[in-house]
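> Below: sequence and its predicted model.
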Amino acid sequence: MTVSSVPPAVITRVSFSRRLKDRVVLGLVWLAFAIAVVPLVSVLWMVVKNGLARFDAEFLTHSMRNIGARDAGGGAYHAILGTLEQVGLATLISVPVGLLTAIYLVEYGKGRRLAQSISFFVDVMTGIPSVVAGLFILAFWVLVLDMKYSGFAGALALSILMMPTVVRSAEEMLRLVPNDLREASYALGVPKWRTIMKVVVPTALTGIVTGVMLAIARVAGETAPLLLTVFITDSINENPFNGPQMGLPLYVFDQAQRPNVTAVDRAWTGALTLILIVMLLNLVARLIAWWRAPAKGR
Amino acid sequence: MATPLRTREGGPAMRRSAFRRSRGDGPFRFATTGAGVILLAIMAAIAIFLIVKAVPALQANTGNFLTEKFWTPNATEPKFGIAALAFGTVLSSLLALIMALPVAVGVALFISHYAPRRLAGALGYIIDLLAAVPSVVYGLWGVIFLIPFVKGPWTFLNEYFGWIPLFAGDAVYGKSMLTGAVVLAIMILPIIAAISREVFLQAPRSLEEASLALGATRWEMIRISVLPFGRPGVISAAMLGLGRAMGETIAVALIFPATFGITFQVLSNDGNSIAANIANGFGEATPIGQGALIASGLVLFVITLLVNMAARLIIARRKEYARAAA
C-alpha cells in the first residue's frame, strides 16, 4: 500500500507499443519528405543533364525560322524575347492595379462591404485555372474585339493571373507597416494620400518588390494562356502588339510534342533556360527579402 | 436647456483644417477604389464573355452538351458533350489528391514539428521549389522520363491488384490517367504542404506542452492537439489543391491519352480532361470548335470556382493562415 512500492522509473517509461507507434510515425514523416523531394531532384537532374547539351550560343541567339523538326541547330531567341516582352507587359499592367487595390483594402476599405467582396474575389481569383484566363482573353480580345493573336493579348491573360498574387503580397506588407508611422505623419498635418505615398508604401516597398518578383516568376512559366492568345511562330517577332509571338513555355510545349531527338533536345534546353529565369527571379526576390528584412541584428 | 454638446469638438475651425488636410485625397481614394472595382469587373467579365462566346456553339450543337461523349465540334454537324471530359477531370484530380494529401500532410508535420528548427526554413524552401518549376517542365519530364518509367510499376499494379476495378483492364499504358495523376499530385503537393504547415505551426503551444507534460509521446501530442486544431485548414488546403489539379493544363495535355472514353480503368489508354482538351484541340478548331472549347472552359471555371469558394469559406474563419494560400 505504500507509495514507494511503485518504482519511480515507471513514471518515465513509455510502454513499448506507444513508443513503437511514435517511432513509426517519425519514420513515415521522414518518408513523406523524402517522397516529396524525389520528383524535384529527378526533374532538376533531367533538365540539367539533357538541357546542357544544346545550351550554347546558337540556342540563345537564333530562332527556329527555316529549321525543320529533324534538323539540328535552331534556337529559342524568339521565344526568350517573347517571354521577356509578354511578362514585362503583364507586370506593367498588373502591378499598378494590384498595388492600388491593396492600398484600398488596407487604408480605405476597412470594414466596408466592397472591400470584403474584393478581398473574397481576389482569393477566388488566385484559383482561376490559367487556361480559363486564356480563354477569357481569347473570347474578349480576339473574338469580340476582333484583335489578332499577339504578345500583348498574352500579356493581358498573364496579368489576370498576376493581379491577385500582387494584391495579396502587397496587402500583407502594407498591413505590417506600424500605425505609429501613419499617426506621426497625420500629426504633422500631412494628408492621407501623401502619407500613403511617402510613408506607408516606401516602408513596405522591399516586401512589395519581393511579392511582385515571385508573381513574375510564377506567370513566366505559364503555357496554357499563351497557347490561346499568343499562338505559335518560328520567327522572331519583336513587336508584341502585332502578330503571333513565341514564349519559352510555348517553345518547350511545341518541341516536346515532336517525336524526334533533336526537337526533344531543344525542348530540354528550353526548359533549362526557363527554369534558370524563374529560379533567378525567385532568388533575387528572396535576396531582397533577406537583405531588407526588418528588425534584424538590431 | 438640453442642448447637446455639439460644438465642443469638431467646431468650424477644426473642420476647415480637416478639409484642407484631405485635399488631393479624393482622387487618390477614387483611384484605389477604382482599381479594386476593376478586379471585381474582371471576374464578372470572365463569366460574361465566356458565356457570350459559348452560346452560339451550344446552339449549333446537335448532341446533348451534358451527356454526349463525343467531341466533334469541327464537323459540319457539330456534336460535342462535356461528359467524358468532366469525368476525366474529376477522376484524375481526385486520384492526384489521394496521392498528394498524405505526403503533403507528412511534409507539413515534418517541417513544423519534426525537423530541427534551423533546418525547417531551408526544407520549406525546398518544397517551395517544387511549386516554382513551371508546369510545362513537369509535362516534358512526364513525357520523356515518367511515361517509359511507369510501364513496369503499372504492369505490376495491373497484375497483382487488378481485382481493384481501378487497376483492371487488358493492357497497361504509360500514357494513361494514372501517370497524369502522378504528375498532378507532384504539382499540387507544395500548396497543400504550405497551407498545412502554416496551420500546424499555429496550434496552441499551451496545448502541446500540456499534452507532453501529461506524458504523451510526440505522436500522441500531435494527434491530440495539433491535428484536431489543424483539420479545417488541411481540408481547405486539400480543396485548393483539388482546384489546382482540375485546372492544370499543359502537363496533362502532354500525358493524358486524349480519347473520349468514360472508364475507371486508369491504366488504360483512355481518358482526357477539360483543360487538356482545350490545349490539344485549340490549334485545329473552327469558330464553332472554339466556341465549344470555350463552353467546356466555362464548365471548368464554374467547377473550380465552387471548389475554391468552399475552400475559402472554410479558411476564412482563421484569417491568420489564409496568406499561405495566395
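In hand now; what should we look at?

> and the residue of the stretch 51-200 of chain A nearest chain B?
A:Pro129 (2.5 Å; CB to the nearest CB). In short, each C-beta sits where N, CA and C put it, glycine included.

> quick one: the spatially closest residue to that residue that is not a sequence neighbour and B:Gly36, what's the gap?
Distances taken as CB to CB, 6 or more residues apart in numbering or on different chains put B:Gly247 closest to A:Pro129, at 2.5 Å, once the chain neighbours are dropped. According to CB to CB, to the nearest Å, B:Gly247 and B:Gly36 sit 24 Å apart.

> cool, and A:Val122?
Taken as CB to CB, the span from A:Val122 to B:Gly36 is 9 Å.

> residue ranges for the helices of the stretch 201-326 of chain B, please.
Assigned by DSSP state H, counting those that start in this stretch, the helices in the stretch 201-326 of chain B fall at B:205-213, B:218-221, B:227-247, B:250-255, B:274-281, B:287-316.

> The strand or helix carrying A:Val95 vs chain B: in contact?
Assessed by DSSP states H and E, A:Val95 sits inside helix A:77-103. Yes: using CB under 8 Å from any CB of the partner chain, a contact is recorded between helix A:77-103 and chain B, made by A:Pro96, A:Val97, A:Gly98, A:Leu99, A:Leu100, A:Thr101, A:Ile103.

> Run through the neighbouring helices and strands of that helix.
helix A:57-61, helix A:151-176, helix A:201-220, helix A:248-256, helix A:261-291, helix B:25-60 (3 or more CB pairs under 8 Å, 6 or more residues apart in numbering or on different chains; DSSP states H and E).

> Just send the ones you listed back as CSV, with distance to B:Trp154 and mean pLDDT too.
As requested, the helices and strands packed on helix A:77-103 are exported to CSV (distance: least, CB to CB, whole Å; pLDDT from 0 to 100):
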stretch, distance to B:Trp154, mean pLDDT
helix A:57-61, 35, 87
helix A:151-176, 34, 94
helix A:201-220, 32, 90
helix A:248-256, 21, 92
helix A:261-291, 22, 89
helix B:25-60, 37, 91
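
> tell me the most buried of the ones you listed?
Highest mean neighbour count of these: helix A:248-256, a mean of 27 (counted as mean count of other CB atoms under 10 Å in any protein chain shown).

> Next, the angle helix B:274-281 makes with that helix.
Between the axes of helix A:248-256 and helix B:274-281, defined by axes from the mean of the first three to the mean of the last three CA atoms, to 10 degrees, the angle is 70 degrees.

> For helix A:248-256, report the contacting residues that lie outside it.
A:69, A:76, A:79-80, A:82-83, A:220-223, A:226-227, A:230, A:232, A:263-264, A:266-267, A:270-271, A:273-274, A:277, B:134, B:136-137, B:139-140, B:143-144, B:250, B:253-254 (CB atoms under 8 Å, 6 or more residues apart in numbering or on different chains).

> got the residues of the stretch 151-298 of chain A near chain B?
A:160, A:163-165, A:167-169, A:172, A:186, A:189, A:191-194, A:196-197, A:217-218, A:220-224, A:227-228, A:249, A:252-253, A:256-257, A:264, A:267-268, A:271, A:274-275, A:278-279, A:282.

> returning to that earlier point: what comes up buried for the helix holding A:Val95?
A:77-87, A:89-91, A:93-95, A:97-103 (16 or more other CB atoms under 10 Å in any protein chain shown).
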